[in-house]
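# Here is the input, now give the coordinates:
(chains A and B)
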Amino acid sequence: MDMQAAKKKLGLKERYAVMTRGLDWTPSYQKMEDIYPYVAYEGIKIHDWDKWEDPFRLTMDAYWKYQAEKERKLYAIIDAFNQNNGHLNVTDARYINAVKLFISGISPLEYVAHRGFAHAGRAFPGPGPRVACLMQSIDEIRHAQTQVHSISNYNKYYNGMHDFHHAHDRVWFLSVPKSFFDDALTAGPFEFMVAIGFSFEYVLTNLLFVPFVSGAAYNGDMGTMTFGFSAQSDEARHMTLGLEVIKFILEQDPANVPIVQRWIDKWTWRGYRVLTLVAMMMDYMLPKRTMSWKEAWEIYFEENGGALFKDLARYGITMPKCAGQIALEKDHLSHQAWSTFYNYAAAANFHTWMPDDDEMKWLASKYPDSFDKLYRPRYRFWREQAAKGNRFYSKTLPMLCQVCQIPMVFTEPGEPTKTCYREVDYRDDKYHFCSDHCKKIFEDEPEKYTQAWLPVHQIYQGNCFPEGSDPTAEGFDPLAEVLKFYNLEHGRDNLDFEISEDRKNFAEWRGQATRNI
Amino acid sequence: MAVAAIKAYDFPPADSMDMFHGAQLLYIGWEDHLMFCAPFAFAFPPTMRFGDVVDGVLPGSFGYHPDFARIDWAKAEWFKSGKPFAPDFGKSLADNGLGHKDVIRFRTPGLTGIEGSCS
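Presented below is the predicted three-dimensional model:
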């Protein structure tokens, strides 16, 4: 009897081939178009799925092992942070409002990204992108979970986070990130990949994660910082996937170029509008600033993105047209956004406040062309009024942009004292937009955006009150009822930071931790 | 252009006038007063007098601003969709030609916000 020679162990490359592409097969009793019904209708032509180059050679078994190791470390740090009352080590309690913004505005997007990549992966006939989408899909749900776990400790002590997912689906400003992702999720798989994989994960991600994570690091929030670092190796993989998607689609057929260009134009703008929230977080909500929004935009978009689009020029792709307008807005974006939340502080799940003198000085130095002239007088007035017990709360609902769903707070490009109004007549109705870019997005697909769930209009239609409430009853208070619908408590979750329970509690607890009282 | 879809794509708009229980939407902005971060959205019956909007509603929405009390309404300039507009305060919104989701704004000459900053 011959001895059975042990089979040679597979090399990494072979192993990868067997565990990914080797898992695919050609169907014999079903038609390809029945199995993959979403792959053709967007007009993208793919001739050879095997030309897909896997940007990272990771097999599923290695993925589990690697991620499990990372999460063990992450949870050890989160435990230590929680046990040592790490929340009392943040710079000051205002910082926690950035965490609230993150958990209600961004973490739910991680979950939707999980669904989106699962759907896109299922829709692609090629095994290469399918496996890459599967891994990213799992990454995204892990991120949602680790963020919820990291931030849950703050929820034990501070207000506004108790029902973040409920809020995400209802609260007026959270319709901005929500509708952004819903727009991508309801597009075809190729548009989803360009929207989220490329425009968001590749072009704009550094403007989302770096500010939040370095903001956390600068402000003593070890919990948030750690999940950020833990997610970073995944993010690097996502960026590589995003770039590969673009190159693959563009190399497959020249007819794909104009479609992809339209998507890049659209999604860079859509993503940028969502980043309005990040801009104000950086300039106003971090007690210890990392850099200004304007500086971040210049480094991460104008420099890095500029180099990227130079690289893509060989495929016929050009810099998104909106970049010109964004450059004009960078002196104003964060101030206009913060003013908006100051106006509507009664209807949000976090607190706002006026910057102190040192912070005004910082803002003036970072925004020499705009702050002292346009925004300081406004803040000075608001501060004086607040000191007299007359803090400004706008009680009338704002007009919204039909596409980005942000109140119409943006000004004409180059004319920062004139509100930018755009409108289109479509079928029987008028539609309004904050900008030429949102208007263009609408005009390309009006049937889609006429269905937008605009919070202000929904309130006026009577769809945002708790079940059983009667808007015709005497003494009906619409704002109070809307807050109940949001599951927010007036006077606790909303209003100015100065009068908040968060501020009072933080001062008291920190006092107990540092003094003998 | 039209939306790309796998089959017929036809859905009703979310904000047609019939959804607003007899009211129609009207958006109103005040030029040079960006302390109010955006124009306001209102739901009014089309039969409401224009003057009642100005006298009865706008003070609650814009009255916080110190300029508001100084407005001389006879001198205010009105715009509808950006074009000059001459509302008749005694007539209804409908008779002033204001339909569902129209946008109007007013400029108050001489009043340019906090310290002239258009805030």
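# Packing partners of the helix or strand A:E33 falls within?
In this assignment (DSSP states H and E), A:E33 forms part of helix A:32-35. The helices and strands touching helix A:32-35, judged by 3 or more Cβ pairs under 8 Å, 6 or more residues apart in numbering or on different chains; DSSP states H and E, number zero. Using the backbone N, CA and C atoms, a C-beta is placed for each residue, glycine as well.
# Just after that helix, pick out the following helix or strand.
As assigned by DSSP H and E, the chain's next helix or strand after helix A:32-35 is helix A:60-83.
# Need the contact partners of that following helix.
A:19, A:58, A:86, A:131, A:134-135, A:138, A:142, A:146, A:149-150, A:153, A:222-223, A:226-227, A:230, A:233 (Cβ atoms under 8 Å, 6 or more residues apart in numbering or on different chains).
# buried sites along it?
Buried residues in helix A:60-83, counted by 16 or more other Cβ atoms under 10 Å in any protein chain shown: A:63, A:67, A:70-71, A:74-75, A:77-78, A:81-82.
# Distance of A:F442 relative to chain B?
Distance of A:F442 to chain B, given as Cβ to the nearest Cβ, to the nearest Å: 10 Å.
# The closest residue to A:A346 other than its chain neighbours: what's it in contact with?
Counting by Cβ to Cβ, 6 or more residues apart in numbering or on different chains, A:Y393 is the residue found nearest to A:A346 once chain neighbours are left out, at 4.7 Å. Contacts for A:Y393 (Cβ under 8 Å, 6+ apart) come out as A:343-346, A:495.
# Next, format those residues as a markdown table and append secondary structure, neighbour count and distance to A:A40.
Output for the contacts of A:Y393, formatted as a markdown table (DSSP: H, G, I helix; E, B strand; the rest coil; neighbours: other Cβ atoms under 10 Å in any protein chain shown; distance: Cβ to Cβ, whole Å):
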| residue | secondary structure | neighbour count | distance to A:A40 |
| --- | --- | --- | --- |
| A:N343 | helix | 23 | 47 |
| A:Y344 | coil | 22 | 44 |
| A:A345 | helix | 20 | 49 |
| A:A346 | helix | 19 | 49 |
| A:L495 | coil | 18 | 52 |
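# Could you point out the member of those that lies closest to B:Q24?
Nearest to B:Q24 among those is A:Y344, at 23.5 Å by Cβ to Cβ.
# got a list of what the closest one touches?
A:172-173, A:393-394, A:398, A:407, B:37.
# that older thread, are any of the contacts of helix A:60-83 buried, and if so which?
Using 16+ other Cβ under 10 Å, the buried ones in the contacts of helix A:60-83 are A:19, A:58, A:86, A:131, A:134-135, A:138, A:142, A:146, A:149-150, A:153, A:222-223, A:226-227, A:230.
# Just the ones of those in helices?
Among these, the members found in helices (DSSP state H) are A:19, A:131, A:134-135, A:138, A:142, A:146, A:149-150, A:153, A:222-223, A:226-227, A:230.
# tell me which element the residue most central in space within chain B falls in.
Central residue of chain B (Cα atoms, centre = their mean): B:I28, 2.0 Å from the mean position. Element membership of B:I28 [criterion: DSSP H and E] is strand B:24-30.
# Using PDB, write out every CA atom in that strand.
Taking Å, rounded to 0.1, in the frame of the first residue of the first chain, the C-alpha atoms of strand B:24-30 are listed here in PDB:
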ATOM      1  CA  GLN B  24     -51.900  75.400   0.700                       C
ATOM      2  CA  LEU B  25     -48.200  75.900   1.400                       C
ATOM      3  CA  LEU B  26     -46.800  79.400   1.200                       C
ATOM      4  CA  TYR B  27     -43.100  80.200   1.700                       C
ATOM      5  CA  ILE B  28     -42.100  83.600   3.000                       C
ATOM      6  CA  GLY B  29     -38.600  85.000   3.300                       C
ATOM      7  CA  TRP B  30     -37.300  88.400   4.600                       C
END
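# need the strands for chain B, in chain order.
Using DSSP state E, the strands of chain B run over B:24-30, B:40-44, B:77-80, B:83-85, B:102-107.
# Rounded mean pLDDT for the longest one, please.
Right, strand B:24-30. For strand B:24-30, the mean pLDDT works out to 98.
# And for the second one?
Per-region confidence: strand B:40-44 scores 97 on mean pLDDT.
# tell me which strands and helices that strand is in contact with?
Applying 3+ Cβ pairs under 8 Å, 6+ apart, we find strand B:40-44 packed against helix A:455-461, strand B:24-30.
# residues making contact with it?
Applying Cβ under 8 Å, 6+ apart, the external contacts of strand B:40-44 come out as A:396-400, A:456-457, A:460, B:20, B:23-29, B:53, B:57, B:61, B:93.
# go on, the last one?
Applying Cβ under 8 Å, 6+ apart, the contact partners of strand B:102-107 are A:399, A:419, A:421, A:423, A:430, A:432, B:26-32, B:39, B:76-81, B:85, B:87, B:98.
# filter the residues you listed to the buried ones?
Buried by 16+ other Cβ under 10 Å: A:399, A:419, A:421, A:423, A:430, A:432, B:26-32, B:39, B:76, B:78-80, B:85, B:87, B:98, out of the contacts of strand B:102-107.
# picking that back up, what's opposite the residue nearest to the centre of chain B in the beta bridge?
When bridges are called by DSSP bridges, B:I28 pairs up with B:F40, B:I104.
# In this structure it contacts B:V54, no?
No. B:I28 is not in contact with B:V54 according to Cβ atoms under 8 Å; the separation is 9.4 Å.
# Look up how far A:D61 lies from the spatially most central residue of chain A.
Chain A has A:I106 as the residue nearest its centroid, 4.8 Å off, counting by Cα atoms, centre = their mean. For A:I106, the distance to A:D61 (Cβ to Cβ, to the nearest Å) stands at 30 Å.
# List the contacts of the residue in the stretch 101-250 of chain A that chain B sits nearest to.
Chain B sits closest to A:G188 of the stretch 101-250 of chain A, with a gap of 6.5 Å, by Cβ to the nearest Cβ. Counting by Cβ under 8 Å, 6+ apart, A:G188 touches A:38, A:41-42, A:123, B:4.
# Mind putting the residues you listed into a markdown table with pLDDT?
Output for the contacts of A:G188, formatted as a markdown table (pLDDT from 0 to 100):
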| residue | pLDDT |
| --- | --- |
| A:Y38 | 97 |
| A:Y41 | 97 |
| A:E42 | 97 |
| A:A123 | 97 |
| B:A4 | 93 |
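# Weed out the non-buried ones from the residues you listed.
By neighbour count, with 16+ other Cβ under 10 Å, the contacts of A:G188 hold A:38, A:42, A:123, B:4 as buried.
# these two touch, right, the third one and A:Y38?
Yes. Using Cβ under 8 Å, A:A123 and A:Y38 qualify as a contacting pair, with a distance of 4.3 Å.
# Are there residues contacting both of the two? Which ones?
A:188-189.
# what about A:I44, neighbour count?
Counted with other Cβ atoms under 10 Å in any protein chain shown, the burial measure for A:I44 works out to 22 neighbours.
# Low-confidence ranges, the chain, go.
The chain I'm using is chain A. Chain A contains residues with pLDDT under 70 at A:1, A:517.
# just the strands in it please.
Under DSSP E, chain A gives strands at A:411-412, A:415-419, A:422-426, A:429-433.
# Need the winner for burial among these.
strand A:429-433 (a mean of 22; mean count of other Cβ atoms under 10 Å in any protein chain shown).
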